[in-house]
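> need coordinates for the below:
(4 chains)
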Protein chains: 2
Amino acid sequence: MARKTGSHSEITGPRIQDAALKLFARHGYAAVSMRQIAAEVGVQAGALYNYVPHKQALLFELMRGHMVALLDAADAALEPAARPDAALEGFVRFHIGYHLGRVDLVFISYMELRALEPENFSVIEALRGRYEDRLEAILSDGKDVFDVKDTKLATLALIAMLTGVTNWFRESGRLSPEGVADSYVEMARRMVRSKEVLKPR
Amino acid sequence: MARKTGSHSEITGPRIQDAALKLFARHGYAAVSMRQIAAEVGVQAGALYNYVPHKQALLFELMRGHMVALLDAADAALEPAARPDAALEGFVRFHIGYHLGRVDLVFISYMELRALEPENFSVIEALRGRYEDRLEAILSDGKDVFDVKDTKLATLALIAMLTGVTNWFRESGRLSPEGVADSYVEMARRMVRSKEVLKPR
DNA sequence: GTCTATATTCCGATAGAC
DNA sequence: GTCTATCGGAATATAGAC
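Prediction:
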């Protein structure tokens, strides 16, 4: 059970990722040094290179892991056969719930796109496009129920509106994540003028 | 009329601002060096310090100038006595038009907030709050016409949706700024369920 | 696996010549 | 007002001891 001092391979790896995530989100990729990350973990800078080939890979793997996990979670959470209005509500609730639980990852995944080398940027952009396609498909499949002139535009408007929540939401605020989601479900429905919303009038 | 070689005070100042804006928007504040800015202008790094006390002031003045100009332009463009629906439409059209003409300034003004020293950050945040108040007042003044449960939430959702345009709009795309604004006016009206929109149904 | 030490390059900012 | 030269420090990444 005893472990030699200075040997922590199973634990140091994840701690480096956590420290990098926290510091990148707070100060930005370019403003954070490998020394700062090492200090946060509690090792010397040189030790990081036992786990990561270079700083760029640290950022890229954080972003790629986030996008892949997001797509997997979306596939698991969204019911493909749902009726259009339920599908839209499901997407809004999933998006807000998932993103509010990972604000740092969300933040760096679109703030630090500039810091990615071109090949890495292309990978992340492709994954992001696949996620946006999920919402666009919902709007497109429901075109008989919704009233949307430009599906692509509505997709981009909805995603921007929903993701914006991560910029101001605070756990200590007056609204719970569920309360926020309730309001955004209604705003999203109104935007596409879903018949479920208009009926009560 | 002849000017001594190496003396360009009236022209170099603005060119430094332009170069810094372009480079900060493309690569991020922390990733850009004073040497790079100087190279873009065509001078040596030391010459920058005849115009700017330090790098931080360069960023802060770009952001402060942008926010002050935005507030001035909003005051000039928005009709205080307009009926609620017209006021909302006016805000949407102003916001999209103004922001699409200054995508680099918009970009750094919310991407580089982290790079501001605390006192500078407070100044910019206060100016941003004053701008958001313009929209919140429109929604609040029209509470008899609009159907909005949570004015603050709707304000934040609308601003996020509108500002998101600057992230994907391209001059060469299929939509003109006016066409984009038309669509967003309709989406904004639907979100607050303005009666002008629902009447035709 | 982590340490210390270091190679190499670059940073922001300043000083003094012209 | 711009130049060259430089100060003092910090950056990424590597080498070799333990």
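
> quick one: the helices in chain A?
For chain A, the helices defined by DSSP state H occupy A:9-27, A:34-41, A:55-77, A:84-100, A:103-111, A:118-141, A:151-163, A:165-168, A:177-191, A:195-198.

> okay, these in TSV with mean neighbour count next?
For the C-beta atoms, the positions are set from N, CA and C on the backbone; glycine is no exception. Converted to TSV, the helices of chain A look like this (neighbours: other CB atoms under 10 Å in any protein chain shown):
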stretch	mean neighbour count
helix A:9-27	17
helix A:34-41	18
helix A:55-77	17
helix A:84-100	20
helix A:103-111	19
helix A:118-141	15
helix A:151-163	21
helix A:165-168	17
helix A:177-191	20
helix A:195-198	15
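
> same list (those) but as a markdown table, adding distance to DNA strand C.
Output for the helices of chain A, formatted as a markdown table (distance: least, CB to the nearest atom of the strand, whole Å):
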| stretch | distance to DNA strand C |
| --- | --- |
| helix A:9-27 | 3 |
| helix A:34-41 | 7 |
| helix A:55-77 | 13 |
| helix A:84-100 | 32 |
| helix A:103-111 | 19 |
| helix A:118-141 | 19 |
| helix A:151-163 | 31 |
| helix A:165-168 | 27 |
| helix A:177-191 | 36 |
| helix A:195-198 | 52 |
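
> and residue B:130, which of those is closest to it?
Evaluated with CB to CB, those place helix A:165-168 nearest to residue B:130, the distance being 16.3 Å.

> which parts of chain A belong to which domain?
Annotated domains of chain A cover A:8-52, A:54-195 [automatic domain parsing].

> reformat these as a markdown table; add distance to chain B and mean pLDDT.
Converted to a markdown table, the domains of chain A look like this (distance: least, CB to the nearest CB, whole Å; pLDDT from 0 to 100):
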| stretch | distance to chain B | mean pLDDT |
| --- | --- | --- |
| domain A:8-52 | 4 | 96 |
| domain A:54-195 | 3 | 97 |
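
> re earlier: quick one: which of the helices of chain A is nearest residue B:125?
Closest approach to residue B:125 among the helices of chain A is made by helix A:165-168 (11.8 Å; CB to CB).

> quick one: that closest one to chain centroid distance?
Computed by CA atoms, centre = their mean, to the nearest Å, the separation of helix A:165-168 from the middle of its chain amounts to 12 Å.

> stretch A:60-72 now?
Computed by CA atoms, centre = their mean, the separation of stretch A:60-72 from the middle of its chain amounts to 8 Å.

> near DNA strand D at all, that stretch?
No - judged by CB under 7 Å from any atom of the strand, stretch A:60-72 stays clear of DNA strand D, getting no closer than 11.9 Å.

> dump that stretch to CSV, restricted to CA.
Only the C-alpha atoms of stretch A:60-72 are listed here, as CSV (Å, rounded to 0.1, in the frame of the first residue of the first chain):
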residue,chain,number,x,y,z
PHE,A,60,-6.7,20.8,-27.3
GLU,A,61,-7.4,17.7,-25.2
LEU,A,62,-9.5,19.8,-22.8
MET,A,63,-11.6,21.1,-25.6
ARG,A,64,-11.8,17.9,-27.6
GLY,A,65,-12.8,15.9,-24.5
HIS,A,66,-15.5,18.5,-23.8
MET,A,67,-17.0,18.4,-27.3
VAL,A,68,-16.9,14.6,-27.5
ALA,A,69,-18.5,14.3,-24.1
LEU,A,70,-21.1,16.9,-25.0
LEU,A,71,-22.1,14.9,-28.2
ASP,A,72,-22.3,11.7,-26.3
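
> name the surrounding residues that touch that stretch.
By CB atoms under 8 Å, 6 or more residues apart in numbering or on different chains, the residues outside stretch A:60-72 that reach it are A:17, A:20-21, A:24, A:52, A:98, A:102, A:105-106, A:108-109, A:112, A:116-117, A:120, A:123-124, A:127-128, A:130-131.
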